[in-house]
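[1] Got a predicted structure plus its sequence, pasted below:
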Amino acid sequence: MAAFLARAAGQVPPESTQQALGYPSLFILVVLGSLVPVVPTGALVSTAAVVAFHQTAWFSLLLVFAVGALAAFLGDVGLYWLGQRGVRSRGGSRWLAALRERAAPDRLEQAQEKLNRHGAAVLVLSRLVPAGRIPVMLACLLGEMPLRTFVRGDVPACVAWAGAYGLIGILGGSLFPEPWQGVVAAVVLTLLISAAPTVWRRLRHGAAAAEPAEAPHPK
């Protein structure tokens with residue numbers, strides 16, 4: 001029986017197996033990562049792009065881009081719809097509370113200012129800036145932006161996001177001969193990009209706290 005299964009597995013091209021399992025997995029993980037902002041969805045798209053870069057099928061990269069963009073869009077719309085229910089409810093909701101917890105007050109204030117200035121176009125930038133999606137989405141919710149308006153702004157945002165992280169994967173795949181090497185490089189790069197805003201804020205706040213108070217000038 002073991003020999004039979006081994007022969008049967010050998011008859012399936014590895015690339016076809018990767019495609020059959022990889023695209024649905026990418027779709028599900030990116031949707032879940034958009035709904036529950038814990039999974040690094042950018043790293044998932046970059047990793048899939050590295051694997052697709054080393055495949056012979058020319059359309060593999062296009063599929064990664066399309067699946068990533070569609071999954072991110074559906075996750076965003078689902079989270080926004082759930083957040084709208086919380087805004088309309090007197091007691092709120094756990095989804096709205098989770099968004100509030102993940103949006104620092106200063107980032108939320110900046111997002112509200114940009115939203116007032118640029119409207120739904122700010123959604124594109126929020127998807128490209130690390131840790132920018134949640135504050136802008138919360139600002140849209142608190143500003144009572146209609147779902148239809150949010151959808152119009154989120155479509156180009158998800159397309160740009162999938163393209164950006166797909167390019168990171170292509171870069172990792174082109175620099176290293178082995179797919180696993182490109183995957184490691186892409187994951188490390190995307191995690192560094194994601195962590196950069198948090199590190200910068202901590203360094204800035206630490207520097208501000210370390211500055212001594214100015215002594216009053218003698219009259």
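    Good, I have the coordinates.

[2] Distance check, the spatially closest residue to W81 that is not a sequence neighbour against L32.
    Once flanking residues are discounted, W81 sits nearest to L147: 6.4 Å by Cβ to Cβ, 6 or more residues apart in numbering. All C-beta atoms are positioned from the backbone trio N, CA, C, and that covers glycine. For L147, the distance to L32 (Cβ to Cβ, to the nearest Å) stands at 21 Å.

[3] how many neighbours does F59 have?
    Using other Cβ atoms under 10 Å, F59 has 11 other residues around it.

[4] err, A139, not the other one
    Neighbour tally, A139, other Cβ under 10 Å: 23.

[5] Give the residue spans of this protein that score low on pLDDT.
    1-21, 56-57, 90-92, 176-177, 179-182, 186-187, 190-219 (pLDDT under 70).

[6] pretty sure S174 is in contact with H54, am I right?
    No: contact criterion Cβ atoms under 8 Å: S174 and H54 do not qualify, at 9.8 Å.

[7] quick one, which of the two is more surrounded?
    Of the pair S174 and H54, H54 is the one with more neighbours under other Cβ under 10 Å, namely 18 against 12.

[8] Would you agree the more buried one is in contact with G173?
    Yes: applying Cβ under 8 Å as the test, H54 and G173 come out as touching, 5.9 Å apart.

[9] so L70, which of the three states?
    helix (DSSP: H, G, I helix; E, B strand; the rest coil).

[10] excluding its backbone neighbours, what's nearest it?
    Excluding its sequence neighbours, the residue lying closest to L70 (Cβ to Cβ, 6+ apart) is F27, at 7.3 Å.

[11] Now K114: closest residue in space that isn't a chain neighbour?
    Per Cβ to Cβ, 6+ apart, closest to K114 is V122, 4.7 Å.

[12] Would you quantify the distance from the one you found to A157?
    Distance from V122 to A157, by Cβ to Cβ: 9 Å.
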